[in-house]
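Peer 1: Starting from these lines, generate the structure:
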Amino acid sequence: MNIIEERYFISIDRIRKIAVENTVPAPFRSFFQTGAQFLLKLHDLKLLAASGEYRRLSLEQLKQWNEALFGEIYPENYKTSYANPAYAVKQLGDDYGQLLCYLHAKNRSIIRHVVKEEIERIVLQLELFIELYNYFENLGETEKEDIFETLYSYEKDNTEIFVTEQVAQMVNPKKNYYTKIVMESDLYDLRYLYRYGEHIGDNEIQMAEFLNTLPQEKIDRIAFAYTEGFQTGFIKAGKPLEKKKTVQIRYNIGFERIVKSAVRYFEAMGLQPVISAACVSTTQPNPQYVYDHREDIGLFFDKAYVKRNMEVRRQAFEENREDAALLAGPAVIEIFGEAPFEPESRPEAVSLTEEQQKLKVQFQNDLQQLTQQYIREDERSFTIIAFPVPEIGERFPEIFEETIRINTLDAAVYEKVQQKIIDALDRASYVRVTGRGGNKTDMKVQLHELKHPARETNFENCVADVNIPLGEVFTSPKLTGTEGKLYVSQVYLNGLKFRNLEIDFEDGRIKHYTCSNFAKEEENKKYIKDYILFHHDTLPIGEFAIGTNTTAYVIANQYDIVYKLPILIVEKMGPHFAVGDTCYSWEEEIKVYNPDGKEVIARDNEVSVLRKDDVSKAYFGCHTDITIPYEELGKIVAVTETGEEIEIIKNGRFVLEGTELLNAPFDRAEKNL
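Peer 2: Down below sits the predicted model:
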């Protein structure tokens with residue numbers, strides 16, 4: 001027995017006693033006994049994993065284990081869970097409720113480490129639980145600050161363990177636990193799903209079952225579109241893919257048949273898969289739980305923690321320098337179709353102070369710059385594709401088929417039509433975008449001057465490559481002169497619903513914002529600042545685009561799933577504005593050409609160009625697209641220097657000559673009404 005194993009069993013012996021003894025005063029006794037019982041349940045799971053018995057359990061037994069581990073945070077049980085900050089603070093008081101709620105969530109976070117038999121991570125959590133318990137045994141003699149200091153020391157002192165492994169998993173193909181699940185499992189035996197150590201719900205089970213009904217030819221066709229888009233991204237950007245050796249694959253559990261086929265296509269390109277814990281996602285059993293703990297880092301986030309984190313991260317990148325340089329980028333399979341989620345605001349949850357928000361912005365900026373040094377944006381690419389999950393409804397199989405169709409539309413056809421739009425836009429000095437009905441949008445978008453119109457353009461002709469499905473023309477507009485109001489009646493951004501979202505711009509930067517999600521205006525503003533501005537005081541417009549994928553729009557309305565779609569598809573279903581970085585962030589010096597040979601010159605704006613003097617002022621680490629749906633769209637008009645108005649869209653229909661094809665899906669839909 002090594003020292004780590006010895007520490008583990010010493011900890012388990014102590015936790016057995018904690019589960020039954022009465023040395024901690026009420027109400028904390030119940031908390032620690034509940035936590036100890038959960039950790040002992042994980043100990044039983046560890047014994048099953050270590051003996052190999054866990055993999056031999058029946059599918060039903062594995063389901064029972066999964067429900068036993070995650071059932072506490074199911075919505076029907078969450079109200080009386082110590083993982084719920086409202087309940088924890090009510091039961092344990094203002095002084096310690098937040099901290100102990102955080103501890104309970106940390107206990108839950110080691111489930112995957114137990115299944116993977118990562119004993120060091122388990123031991124650290126067990127010892128933290130015991131150390132805090134010891135304080136509460138002597139609560140009258142213990143200062144509150146001592147307890148917080150213990151938590152702070154745990155997070156800061158163990159940064160080397162946490163961050164070093166995180167960086168290695170990001171770039172090292174030898175960290176292949178998840179790759180082995182995909183490539184070595186019998187994917188028709190759904191017991192493999194439980195090897196992740198994550199919550200396995202109906203979406204994951206039904207998705208795997210559904211994909212198992214599809215012929216291999218169809219699976220390969222999906223995987224080919226996904227991987228070919230990745231390769232095309234390198235070709236279009238003139239980046240040498242042959243210099244890279246790995247690709248980071250991100251997906252939701254249940255999609256393993258597609259991932260397995262994709263791995264083989266990538267291997268044919270000379271790329272090995274890298275799949276880390278951060279790359280593997282699962283539909284949440286309770287999004288409110290995730291929302292409640294979104295800012296738990298606020299308990300210990302300060303300058304000393306940030307400094308330590310960055311030091312360790314830099315060292316970890318140095319140790320993995322070669323692997324980082326060989327990473328070609330991420331290939332992402334997104335999902336959509338989950339029930340819409342509107343969070344409940346809980347004052348008991350941890351929230352970042354204003355000082356911490358500013359520190360986090362700086363930390364993210366520094367982290368982005370550090371990552372750029374080792375995984376260079378101008379040498380890598382990416383691809384993203386999205387598919388529905390069964391939760392989308394009874395017509396899931398039909399919607400899945402339609403999504404395949406959307407993701408494989410004829411790029412050549414759209415390329416020609418989109419060029420007509422670009423030709424008109426390139427005559428303009430600015431573009432005016434207005435809403436109709438109740439939509440209050442009225443935006444003026446200032447375009448860059450084309451000094452050589454015969455060989456320059458402002459808009460990129462975007463068809464199916466890195467960003468699947470096809471269907472948009474986009475630019476990075478000038479900020480000076482870009483102004484007005486952007487309004488959307490409802491939109492889902494970063495998994496959250498925003499109602500009556502309203503943003504005012506002045507010289508291309510956010511000046512004012514509000515929505516109607518909460519009764520109090522300060523809560524609405526905080527919601528937007530947290531999840532659209534990401535704690536920045538303001539953000540510039542990084543992109544203006546016109547989505548042209550009317551096929552996707554009609555299908556979305558036909559199945560009533562518009563507000564369940566990911567931004568990846570929604571941004572192709574109307575004009576959109578992105579706040580944050582430009583589409584070309586960190587790649588501004590790389591020349592981009594449209595199929596007609598013209599160079600896209602609108603790769604910078606007044607903010608991104610600051611990188612030449614101070615890179616910390618040029619980037620924000622975020623890019624959020626906000627789309628106006630066609631039915632809320634009044635006009636898009638290109639206005640020339642002489643005042644001539646060229647209509648692109650009027651009342652939600654394309655009216656520019658040569659774009660009539662884009663109205664065909666609308667016409668067919670109206671015929672079928």
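Peer 1: When you work out contacts or count neighbours from here on, use the C-alpha atoms and nothing else.
Peer 2: Will do.
Peer 1: how about the helices in the stretch 551-673 of the chain?
Peer 2: Applying DSSP state H, counting those that start in this stretch to the stretch 551-673 of the chain gives helices spanning 567-570, 664-671.
Peer 1: Kindly report the same for the stretch 251-400 of the chain.
Peer 2: Going by DSSP H, counting those that start in this stretch, the stretch 251-400 of the chain shows helices at 256-268, 287-292, 303-319, 321-325, 354-374, 396-407.
Peer 1: any idea which of the helices of the stretch 551-673 of the chain is most buried?
Peer 2: helix 567-570 (a mean of 23; mean count of other Cα atoms under 10 Å).
Peer 1: So what touches that helix?
Peer 2: Counting by Cα atoms under 8 Å, 6 or more residues apart in numbering, helix 567-570 makes contact with 384-386, 467-469, 492-493, 552-553, 562, 625, 627, all of which sit outside it.
Peer 1: tell me the least confident of those?
Peer 2: Scanning the contacts of helix 567-570 for pLDDT, the low point is Asn467. It has 81.
Peer 1: Pull the number of nearby residues for Phe136.
Peer 2: Other residues lying near Phe136 total 20 when counted by other Cα atoms under 10 Å.
Peer 1: host element of it?
Peer 2: Element membership for Phe136, per DSSP states H and E: helix 119-137.
Peer 1: Ok, Glu60 next?
Peer 2: helix 59-70.
Peer 1: Pro540 is in contact with Glu506, isn't it?
Peer 2: No. If you go by Cα atoms under 8 Å, Pro540 and Glu506 don't touch, sitting 9.3 Å apart.
Peer 1: Of the two, which one has the most company?
Peer 2: Pro540 (27 against 16).
Peer 1: Tell me who's in contact with the closest residue in space to the more buried one that isn't next to it in sequence.
Peer 2: Excluding the flanking residues, the one nearest Pro540 by Cα to Cα, 6 or more residues apart in numbering is Arg509, at 4.2 Å. By Cα under 8 Å, 6+ apart, the contact list for Arg509 reads Leu479, Thr538, Leu539, Pro540, Ile541.
Peer 1: if we can go back for a sec, which among the helices of the stretch 251-400 of the chain is found nearest to Glu344?
Peer 2: helix 287-292 (7.2 Å; Cα to Cα).
Peer 1: and the closest one, what does it pack onto?
Peer 2: The contact analysis (3 or more Cα pairs under 8 Å, 6 or more residues apart in numbering; DSSP states H and E) places helix 287-292 against no helix or strand.
Peer 1: let's see it at 10 Å
Peer 2: helix 75-78, helix 85-92 (3 or more Cα pairs under 10 Å, 6 or more residues apart in numbering; DSSP states H and E).
Peer 1: Would you convert those helices into JSON lines that also reports mean neighbour count, mean pLDDT and distance to Gly435?
Peer 2: As requested, the helices and strands packed on helix 287-292 are arranged in JSON lines below (neighbours: other Cα atoms under 10 Å; pLDDT from 0 to 100; distance: least, Cα to Cα, whole Å):
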{"stretch": "helix 75-78", "mean neighbour count": "13", "mean pLDDT": "97", "distance to Gly435": "38"}
{"stretch": "helix 85-92", "mean neighbour count": "20", "mean pLDDT": "98", "distance to Gly435": "41"}
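Peer 1: mind putting those helices in a markdown table, distance to Gly337 included?
Peer 2: Formatted as a markdown table, the helices and strands packed on helix 287-292 follow (distance: least, Cα to Cα, whole Å):
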| stretch | distance to Gly337 |
| --- | --- |
| helix 75-78 | 19 |
| helix 85-92 | 28 |
